[in-house]
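Engineer: have a look; sequence and predicted model below, questions after that.
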Amino acid sequence: MTTPKKYMKEVIKEGKRVRWPKRDILVSTIIVVVLIAGFTALFLSLEDLTAGSLINQLRNAFGGNK
């Protein structure tokens, strides 16, 4: 079993060995991720509103609001 102190030393050592991306690549990647997340959130919100509206119309059509 490793101690927390030894574990953190190994994490820091491994972190220094990682090849981190250049700033311009990192920024463009972050922009792509934010755009995809925003598009997905918008799509799922619209889908949720549409499904809710459809369910309400079906309830009204079949007398579910008695």
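Structural biologist: Great, that's in hand. Numbering: from 1, shown residues only.
Engineer: checking W20 next. Helix, strand or coil?
Structural biologist: The three-state label given to W20 by DSSP: H, G, I helix; E, B strand; the rest coil is coil.
Engineer: and the spatially closest residue to it that is not a sequence neighbour, how many neighbours?
Structural biologist: Distance criterion Cβ to Cβ, 6 or more residues apart in numbering; nearest residue to W20, sequence neighbours excluded, is L26 at 8.0 Å. Where C-beta positions appear, they are placed from N, C-alpha and C, glycine not excepted. For L26, the neighbour count with other Cβ atoms under 10 Å is 11.
Engineer: so how far is V32 from L26?
Structural biologist: 11 Å (Cβ to Cβ, to the nearest Å).
Engineer: of all the residues in the longest helix anywhere in the chain, which ones are buried?
Structural biologist: Of all the segments of type helix in the chain, defined by DSSP state H, the longest one is helix 23-61. Residues of helix 23-61 include none that count as buried (16 or more other Cβ atoms under 10 Å).
Engineer: next, the contact list for L46, please.
Structural biologist: Contact partners of L46, counting by Cβ atoms under 8 Å, 6 or more residues apart in numbering, are absent.
Engineer: separation between it and P21?
Structural biologist: For L46, the distance to P21 - Cβ to Cβ - is 33 Å.
Engineer: where does pLDDT dip in the chain?
Structural biologist: Residue ranges of the chain with pLDDT under 70: 64-66.
Engineer: any idea which residue is closest to the centre of it?
Structural biologist: Closest to where the C-alpha atoms of the chain average out (Cα atoms, centre = their mean) is A37, at 5.9 Å.
Engineer: please tell me how far that one sits from F43.
Structural biologist: Relative to F43, and taking Cβ to Cβ, A37 is found at 11 Å.
Engineer: with N56 instead?
Structural biologist: For N56, the distance to F43 - Cβ to Cβ - is 21 Å.
Engineer: same thing with A61?
Structural biologist: Distance from A61 to F43, by Cβ to Cβ: 27 Å.
Engineer: ok, K9 next?
Structural biologist: Plainly put, K9 is 44 Å away from F43 if you go by Cβ to Cβ.
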